[in-house]
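Novice: Mind folding the following:
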Amino acid sequence: MTVSEAPGQQVEATPAAGRPVWDVALRSAGVLISVVATVVTTLLEVELSVLRVGGVTGLFHGDAAIWTGGGALTGLAVPLTVGANLGLAWLAVTTIGRSWGIGVPWALWTLLMLGAAGTRTAEGDYLLGGDNWVALVMILAGSLSFAFYAYKMIMKPIKQG
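Specialist: Numbering: from 1, shown residues only. Take a look at the predicted model:
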């Protein structure tokens, strides 16, 4: 259906909402997918922030529980966090189809990390303690990953034409 806007011009009419129903459904599914992916990767990052060298070497000796080992922290969570958060940012922007989509995983990831840093276990320990350098670097690097992706989106040249 076309509507005459001015003499000699035809403009496509849109529904009252402005967007087709399937478009809203796909964007909503994109938000849901990015929320689930953010929760899963954040939980994995929190778990890996306490991984120690003794736990990793225990795998090679047949120990099933990698969280019981001692020694120095591995720091594996930091590069995993950077890669996962860049992937989450891309996933959110791609599936939602809008540049504001990066805010969904960024805000959720930040809230989950701040919640983990302020939550005590049944034994009285913090999930992400202040004496755990991996957790502190992970929080910084993870947030900077989202900021880097947002900056990259801002600096993208405008398409001509």
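Novice: rest of the way, CA atoms for contacts and neighbours
Specialist: OK.
Novice: How about the contacts made by residue 130?
Specialist: By CA atoms under 8 Å, 6 or more residues apart in numbering, the contact set of residue 130 is residue 136.
Novice: After the helix or strand where residue 114 lies, which helix or strand is next?
Specialist: Here residue 114 is covered by helix 103-117, with elements defined by DSSP states H and E. Using DSSP H and E, the next helix or strand after helix 103-117 towards the C-terminus is helix 133-154.
Novice: circling back: just want the angle from the helix holding residue 114 to helix 133-154.
Specialist: Angle, helix 103-117 to helix 133-154, by axes from the mean of the first three to the mean of the last three CA atoms, to 10 degrees: 170 degrees.
Novice: Would you confirm that residue 50 belongs to a helix?
Specialist: No - using DSSP: H, G, I helix; E, B strand; the rest coil, the assignment for residue 50 is coil, not a helix.
Novice: one step back: what's the distance between the helix holding residue 114 and the middle of its chain?
Specialist: What separates the centre of helix 103-117 from the centre of its chain is 8 Å, taken as CA atoms, centre = their mean, to the nearest Å.
Novice: list the buried ones in that helix?
Specialist: 104-106, 108-109, 112-113, 116-117 (16 or more other CA atoms under 10 Å).
Novice: Nothing else from me, thank you.
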